Structure formats: C-alpha cells, structure tokens
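>>> Could you look at this predicted model? Sequence included:
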Amino acid sequence: MDIGDFLPLFSKYNSFVLTTHLNPDGDGLGSQIALREYLIAAGKNVRCINHNPTPRHYKFLDPDNAIIEVYDSSTHNLIIHEADCLIVMDTNVPSRLGDMAESISQSPAVKIVIDHHLDKDEFADYYIVDESAAATGEIVYLLLNALMQNKLNDTIAVGLYTAIMTDTGSYRFPKTNRNTHLMTAELLKYNVDPSKIYREVYERGPVNRLVLLGKTLSSLQLHHNGRVATMTVPKNMFKETRTDIVETDGFVNYTMQVDTVEIGLLFTESENDVKISFRARGDVRVNELAKEFNGNGHQHAAGATIPGGDLDDLYKQVIEATPKYLP
C-alpha cells in the first residue's frame, strides 16, 4: 500500500460521507473524527453517519452530538446518494454497516474503504488497507500526515490516539509494534491527555455495568479440555440490570484470563440478533471461525452478528465448530 497513490482523492471530491461499522468502537469513531477534521479544514462538505449511536464511553469525542449522526433512512438516504464520495472506515464488509448497507451500495458516489481487517469484500472503488496495521487509526495517521505535511492538530491527535489505544488493547495486542509506539509518541506532542482518555473509555460508567459484568462472569463455562471459554448475555439480563449491549464492550477479554484458554467467546442476545465476539491467542485464527457465522476480523479478534439468530442454537453450533481451529 502506497499512501501517496490515494492523496489526490481527498482534494478531487467536495462532499463526503464518513461511516463505520455496527456498534462503533474507538478505532472507527476516532478515525472518523480525525479524517472529518481534516476534510472540514480543507473546505469540504462532510457528514459522519453511523448505524448505531456513539457509545457512552466515547461521547467525549463528540460531547454535543454535533458531529456524528445516527442513520435515519428518511433523512440520510438522499445525502448518501448525492455525496461525491463515501468513506467506510474500520470495516471492509458491507453487512457490517447494518441498515446503511443498501443505501451505500446503491449510491453512485465513489466508495473508499480505509481498514486493517482481513478478507475484504469487493464493493468499493478504492481500498486503503493495511492488514499489518494494529488499528485503522494508524492508516489514517499516515494518510493525514501526508496530506497535512506532518502538521496535525489537537482534535485529530485525540481521535487517532483513542483509535490506536483502544484497538491495540492499550498496547498489548500482538500487532502492537515499534511503529505503533512511534506514532503514539508523535500524537503526544499535541494536547492529548492519555490518563483522561483512558478514564473516559475504561473507568467511567454506571454501577449497573458492574452488576451486568458480574452476571456475565458467572456464566463462564469451559469446553474442549479447558481450551475454549464462553460467556453469555441473554437479553433478559439487560432488563434485569437496566443496561444495554453497549455496556458489554470489552467483556469478552475476561475469557482470555483463564490460563488454559486459547479461544474466548462472548454471546450477546438482543431483541433482533445475536452478537458473537471471538478472541484467541497463539496460532489460532479465530477470524476463520467467525467467517463460518458470516463474521470477520483479525486473527486473534473477530466478531459476527446474526440477525434473528437463536442464542441456544448458535451457542451449540459455535462450540461444535471450535475444535478444528485449535492447533
């Protein structure tokens, strides 16, 4: 991937729509915020539109809800159709765009994907993709430094720091490398407060979230001689704790704290679908397991959302499928 090949695209078009995947995370949101900041400064017309609302713990990126809009077909389909350029960030699979997928696919706009995930679907005109990157934020960092001649600003730096910190698991996931830390060091030249960002993302929330976490941890089960761990969050658990699916962010990582576990799974049921989060270590390619259930992701972290899925049936199917991915 040569970043320089893509730079003319950002001056060529005048109106942009930026979006990211279902249940947006810090990487998708931080990358959106950063790229939008550059495009607005360049005099472009930019709308950030996502299928889901911004989760509570990322509200600090858009405290007044003035930047990121929640998709409404009656309002946004025309905007998507009339845009010059659509930029899909942190996913390369149209199904991960939720209700926006059809509108985006039907739009005559030029489509650009900026992403770091494996196994892309061929739906866009341009792919700015680096599967070796630890976060989409790393790719956006390189792109914006090239566009802005290494002169970023505070808003961009906060967005990109959030993107990189969260998608590297606070710099502990396998793809974290020397370049990741060098990029972060450069971002810290701006008005970025690592302690504040970490607290906003990981250390602020309602007491109900801890109650939900306790119930989720109590569902922990081990399978296949302790090599696979599962936790489940049925939809009634949200009612009991007065929480929602947003509060389960990061719960799957607790499955990997068992020393024998090589695959960790979190099953989360909502009114309309079942979400499965996959984690792994070592040589396990959990993204291949996720693809069996129309999901995708990284080798060690992936996800799948099954509309109308039955929690109990999917649980059994996934548990039966896991052994062939264990080394």
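Structure's in. What do you need? Residues are numbered from 1 along each chain as shown.
>>> Break down the stretch 151-300 of the chain into its strands, ranges please.
221-223, 228-233, 263-269, 273-280, 296-297 (DSSP state E, counting those that start in this stretch).
>>> any chance of the ones you listed in TSV, plus mean neighbour count and distance to residue 112?
C-betas here are computed from N, CA, C, even on glycine. Output for the strands of the stretch 151-300 of the chain, formatted as TSV (neighbours: other CB atoms under 10 Å; distance: least, CB to CB, whole Å):
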stretch	mean neighbour count	distance to residue 112
strand 221-223	15	41
strand 228-233	23	35
strand 263-269	24	31
strand 273-280	24	27
strand 296-297	23	19
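>>> and the ones you listed as CSV, adding distance to residue 289?
Shown next, in CSV, are these (distance: least, CB to CB, whole Å):
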stretch, distance to residue 289
strand 221-223, 13
strand 228-233, 10
strand 263-269, 7
strand 273-280, 6
strand 296-297, 10
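>>> Please name whichever of the ones you listed is nearest to residue 147.
Closest to residue 147 of the strands of the stretch 151-300 of the chain, according to CB to CB: strand 296-297, at 28.2 Å.
>>> Which secondary structure elements does that closest one sit against?
helix 286-291, strand 301-307 (3 or more CB pairs under 8 Å, 6 or more residues apart in numbering; DSSP states H and E).
>>> Report the rounded mean pLDDT for the shortest one.
Helix 286-291 comes out with an average pLDDT of 94.
>>> One more: the longest one?
Computed over strand 301-307, the mean pLDDT rounds to 91.
>>> Can you mark which positions in the helix or strand following it are buried?
Proceeding N to C from strand 301-307, the next assigned helix or strand is helix 311-321, under DSSP states H and E. Using 16 or more other CB atoms under 10 Å as the test for burial, helix 311-321 gives 311, 314-315, 318-319.
>>> Please apply the same query to stretch 42-49.
44, 46-49.
>>> now swap in stretch 152-165 and tell me
152, 155-165.
>>> Need the contact partners of that stretch.
Applying CB atoms under 8 Å, 6 or more residues apart in numbering, the external contacts of stretch 152-165 come out as 26-34, 37-38, 41, 58, 61, 134-138, 140-141, 144-145, 171, 180, 183-184, 187-192, 194, 197-198, 201.
>>> Just the buried subset of the residues you listed, please.
Buried among those (16+ other CB under 10 Å): 26-34, 37-38, 58, 61, 134-138, 140-141, 144-145, 180, 183-184, 187, 192, 197, 201.
>>> show me where the chain has helices.
Assigned by DSSP state H, the chain shows helices spanning 9-12, 26-41, 73-82, 100-106, 136-147, 154-167, 178-187, 194-202, 207-217, 235-241, 286-291, 311-321.
>>> now those helices in a markdown table, with distance to residue 272?
Formatted as a markdown table, the helices of the chain follow (distance: least, CB to CB, whole Å):
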| stretch | distance to residue 272 |
| --- | --- |
| helix 9-12 | 35 |
| helix 26-41 | 21 |
| helix 73-82 | 16 |
| helix 100-106 | 15 |
| helix 136-147 | 26 |
| helix 154-167 | 26 |
| helix 178-187 | 36 |
| helix 194-202 | 26 |
| helix 207-217 | 19 |
| helix 235-241 | 10 |
| helix 286-291 | 19 |
| helix 311-321 | 12 |
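>>> and of the ones you listed, who's closest to residue 265?
Of those, the one closest to residue 265 (CB to CB) turns out to be helix 311-321, at 6.3 Å.
>>> between that closest one and strand 228-233, how many degrees?
Angle of helix 311-321 versus strand 228-233, following axes from the mean of the first three to the mean of the last three CA atoms, to 10 degrees, is 170 degrees.
>>> what about this structure, any weak spots by pLDDT?
1 (pLDDT under 70).
>>> Show which residue of it lies farthest from the average position.
Distance from the C-alpha centroid of the chain peaks at residue 225, with 31.3 Å (CA atoms, centre = their mean).
>>> which non-adjacent residue is nearest it?
Counting by CB to CB, 6 or more residues apart in numbering, residue 260 is the residue found nearest to residue 225 once chain neighbours are left out, at 7.7 Å.
>>> any idea how the chain splits into domains?
Per automatic domain parsing, the domain ranges recorded for the chain read 3-201, 208-325.
>>> ok now the longest one, how far from the chain's centre?
By that I understand domain 3-201. Counting by CA atoms, centre = their mean, to the nearest Å, domain 3-201 is centred 10 Å from the centre of its parent chain.
>>> Now do the end-to-end distance for that domain.
End-to-end span of domain 3-201 (CA to CA, to the nearest Å): 30 Å.
>>> in stretch 282-298, what's buried?
For stretch 282-298, by 16+ other CB under 10 Å, it's 284-291, 293, 295-298.
>>> from those, which single one is nearest residue 87?
residue 296 (18.8 Å).
>>> how close does the closest one sit to residue 278?
With distances taken as CB to CB, to the nearest Å, residue 296 is found 10 Å from residue 278.
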